[in-house]
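Colleague: need coordinates for the following:
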Amino acid sequence: MLSRHRLSVAPMMDWTDRHCRYFHRLLTQHTLLYTEMVTTGALRHGDVQRHLRFNAEEHAVALQLGGSDPVDLAHAAKLGEQWGYDEINLNCGCPSDRVQRGAFGACLMNEPALVADGVKAMLDVVNVPVTVKHRIGIDKIESYDFVRDFVGQVSNAGCRVFIVHARNAWLQGLSPKENREIPPLRYELAYQLKQDFPALTIAVNGGITTNAQIADHLQHADGVMVGREAYYNPWLLSSWDAEFFGAAATPLSREAVEEAMVRYMARAYAEDGCPWYAIARHMLGLYHGERGGRLWRQVWSNHKLKPLPPHEVMQLAREALARGAEKPAHAD
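Modeller: Sure thing, here's the model as predicted:
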């Protein structure tokens, strides 16, 4: 049986909300989806429904938590299980200043004992898997021993799945965006983890943009997590069920996916007044690389069209797509 972590879409702040995940699920039935990071403080003191609500169609879906206090993590994990999430994931990889001030994210790699305590506290109160997403090092620590010892200590607490963003996190001097691009990728460290911990599930993340790269990584690790490419070029996901899970390919065309999203926009508006443009922003890459795609995208992102119902916007977008497709190839 193939690992559920064989292929997944990364948790991405401001992007992988429930509307984005609904869209991605139309494209792939077997890929594991992740929420944006939700902090334990938000679940302790904020609107739990707003943070944890999701669509039944999204399964399998994992809740990513940000936090460091074992008691708060256990509370949040229990809520996640009660709301129906299939997995609880702990963020030990985010390098942002805000996350550091909260004493979680990548800086937790300096405190493997605390991470282990948090993992154990969560496992004690839930029956779903508890997983960890982390970097290969922080700042100038580039020794393999550092990440090996981190995984070893946390796995001793019961964690069986590690998603390895194969870059260091530089906690000083780089923005989160720069941290996704400047520290060099060293996939070989993730591969070495799989060799040293054969009983664990090791998935690789970072800089992966093509099916050929995914296939290559799967020769060395149990799974692959794709981040920004899945968002900017979502049609890539439509090939994954057939290519990596031995299942039927998505039966939907781009046009059918767009129509399904328009129906979903109407449903979301009826349920809680969510405006269509809060949903449409996630599907702007649907025609990525296609002739007319830029004009199609411009319609769906045109703020002047906000008063129109989504089915009318779709009609305008399709007219723009057709116009673009008629132009010479170099024009779009």
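Colleague: residues near residue 258, how many?
Modeller: 23 (other C-beta atoms under 10 Å). C-beta here means a position set from N, CA and C on the backbone, and glycine is covered the same way.
Colleague: per-residue confidence for the closest residue to residue 90 other than its chain neighbours?
Modeller: Spatial nearest neighbour of residue 90, chain neighbours left out: residue 132 (5.0 Å); criterion: C-beta to C-beta, 6 or more residues apart in numbering. Residue-level confidence at residue 132 comes out at 98, pLDDT.
Colleague: can I take it that residue 132 is in a strand?
Modeller: Yes: with DSSP: H, G, I helix; E, B strand; the rest coil as the criterion, residue 132 is part of a strand.
Colleague: for it, give me its contacts.
Modeller: For residue 132, the contact set (C-beta atoms under 8 Å, 6 or more residues apart in numbering) comprises 89-90, 92, 115, 119, 154, 159, 161-163.
Colleague: what strand or helix carries residue 19?
Modeller: helix 18-27 (DSSP states H and E).
Colleague: each with direction, which strands does the following helix or strand past that helix pair with?
Modeller: Next in sequence after helix 18-27, counting helices and strands by DSSP H and E, comes strand 32-39. Paired strands of strand 32-39, with direction, are strand 7-9 (parallel), strand 61-66 (parallel) (DSSP bridges).
Colleague: residue 283: which of these is closest?
Modeller: Across the strands paired with strand 32-39, residue 283 has its closest neighbour in strand 7-9 (14.0 Å, C-beta to C-beta).
Colleague: closest to residue 143 out of the strands paired with strand 32-39?
Modeller: Each of the strands paired with strand 32-39 has some distance to residue 143 by C-beta to C-beta; the shortest is strand 61-66, at 26.0 Å.
Colleague: hmm, back to that, the contacts of residue 132 in strands, which ones?
Modeller: Among the contacts of residue 132, the residues falling in strands (DSSP state E) are 89-90, 92, 161-163.
Colleague: so which of the residues you listed comes closest to residue 7?
Modeller: Distances from residue 7 to the ones in strands among the contacts of residue 132, taken by C-beta to C-beta, are shortest for residue 163, at 11.7 Å.
Colleague: with adjacent residues omitted, what lies nearest to residue 306?
Modeller: Counting by C-beta to C-beta, 6+ apart, the residue nearest residue 306 is residue 277, at 5.7 Å.
Colleague: ok, that neighbour touching residue 308?
Modeller: No: Residue 277 is beyond contact range of residue 308, at 10.1 Å (criterion: C-beta atoms under 8 Å).
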